[in-house]
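1. No sequence on hand, only this structure:
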């Protein structure tokens with residue numbers, strides 16, 4: 001299980017540090033803050049954040065709205081605008097790039113938390129309405145746990161088990177998370193190295209320990225596999 005990774009783009013160093021400290025206190029992973037457009041794009045490319053907090057006004061020719069445009073075009077993650085200026089013109093310009101939330105400086109830590117969680121929720125709900133699938137951002141599946149989103153890296157998933165309209169996710173760390181969805185659609189989303197052993201199970205082959213007559217061993221867990229699927233898996237592994 002990994003923390004939600006947050007990129008902060010803010011050209012006032014003290015403010016940026018304060019935001020990052022607050023993010024860490026709230027249980028997020030705060031990346032090294034970016035001060036300019038070019039720094040922000042570089043971090044987006046190299047660190048793959050899950051969400052960004054963008055100050056609208058930045059030093060240089062390009063501002064936070066330009067970064068938001070680039071995010072919408074190339075990165076596909078939610079973002080929150082941050083500004084000390086809430087005049088009508090600024091708000092109208094910000095609305096054009098569809099931010100997930102808008103924070104006005106100064107703000108409290110609780111407002112930061114609620115803005116991030118609402119932004120993640122709205123982003124996932126919008127994507128779900130469009131695709132009718134669970135939401136994946138940068139090789140991670142987002143799961144709502146209590147009042148906060150949990151980021152599950154693909155590599156942390158041992159197997160998925162279908163239970164009617166729900167899916168139980170067993171992690172390498174021993175945790176179990178339950179989401180609503182279709183195993184067929186998740187199989188398409190997750191891709192290799194996940195493998196469908198039967199109607200109910202989808203396993204991560206990187207965690208495969210052994211192949212038995214009618215089951216697979218993944219860590220301490222035994223997962224059933226059909227005869228035909230076993231033949232397909234053996235053929236697939238022989239080509240690796």
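-> Nice, thanks for sending it over. Treat the numbers as computed from the prediction; the structure is a model and nothing was measured. Residues are numbered from 1 along each chain as shown.

2. Where does the prediction get shaky in this protein?
-> Applying pLDDT under 70 to the chain picks out residues 1, 86, 125-135, 138, 146-147, 240.

3. Once you drop chain neighbours, what's closest to residue 145?
-> Once flanking residues are discounted, residue 145 sits nearest to residue 177: 6.9 Å by CB to CB, 6 or more residues apart in numbering. Backbone N, C-alpha and C define where each C-beta goes, glycine included.

4. What distance separates the opening and closing residues of stretch 152-159?
-> Start and end residues of stretch 152-159 are separated by 12 Å (CA to CA, to the nearest Å).

5. now swap in stretch 197-206 and tell me
-> In stretch 197-206, first residue to last residue: 14 Å (CA to CA).

6. cool, stretch 77-85 as well?
-> Length of stretch 77-85, first residue to last, CA to CA: 24 Å.

7. In it, which residues are buried?
-> Across stretch 77-85, burial judged by 16 or more other CB atoms under 10 Å covers 77-83.

8. swap in stretch 228-238?
-> By 16+ other CB under 10 Å, the buried positions in stretch 228-238 come out as 229-230, 233.

9. Among those residues, which lie within helices?
-> Under the assignment DSSP state H, those contribute 229-230, 233 to helices.

10. Return the closest of those with respect to residue 27.
-> Nearest to residue 27 among these, counting by CB to CB, is residue 233 at 38.3 Å.

11. Contacts only, for that closest one.
-> Neighbouring residues of residue 233 by CB atoms under 8 Å, 6 or more residues apart in numbering: 195, 197, 205, 211, 225.

12. tell me the contacts of the residue nearest in space to the middle of the chain?
-> Centroid-nearest residue in the chain, with CA atoms, centre = their mean: residue 137, separated by 3.9 Å. Shown in contact with residue 137 (CB under 8 Å, 6+ apart): 50, 76-77.

13. List only buried entries from the contacts of residue 233.
-> For the contacts of residue 233, buried by 16+ other CB under 10 Å: 195, 197, 225.

14. ok, back up a step: reformat the ones in helices among the buried residues of stretch 228-238 into CSV and put distance to residue 36 next to each item.
-> Compiled in CSV, those are given as follows (distance: CB to CB, whole Å):
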residue, distance to residue 36
229, 52
230, 54
233, 49
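
15. And those residues, which is closest to residue 37?
-> Residue 37 lies nearest to residue 233 out of these, by CB to CB, at 47.3 Å.

16. how much space between the closest one and residue 167?
-> Remark: distance between residue 233 and residue 167 (CB to CB, to the nearest Å) = 21 Å.

17. likewise residue 40?
-> Distance from residue 40 to residue 167, by CB to CB: 35 Å.

18. the more surrounded of those two?
-> Per other CB atoms under 10 Å, whichever of residue 40 and residue 167 has more neighbours is residue 40, with 27 against 21.

19. Pretty sure the more buried one sits against residue 7.
-> Yes: in this structure, residue 40 is within contact of residue 7 by CB atoms under 8 Å, at 6.9 Å.

20. Quick check: neighbours shared by those two?
-> The contact sets of residue 40 and residue 7 overlap at 34, 52 (CB under 8 Å, 6+ apart).

21. Any chance of the contacts of residue 233 in JSON lines with distance to residue 68 and secondary structure as columns?
-> Shown next, in JSON lines, are the contacts of residue 233 (distance: CB to CB, whole Å; DSSP: H, G, I helix; E, B strand; the rest coil):
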{"residue": "195", "distance to residue 68": "38", "secondary structure": "strand"}
{"residue": "197", "distance to residue 68": "42", "secondary structure": "coil"}
{"residue": "205", "distance to residue 68": "38", "secondary structure": "helix"}
{"residue": "211", "distance to residue 68": "48", "secondary structure": "strand"}
{"residue": "225", "distance to residue 68": "46", "secondary structure": "coil"}
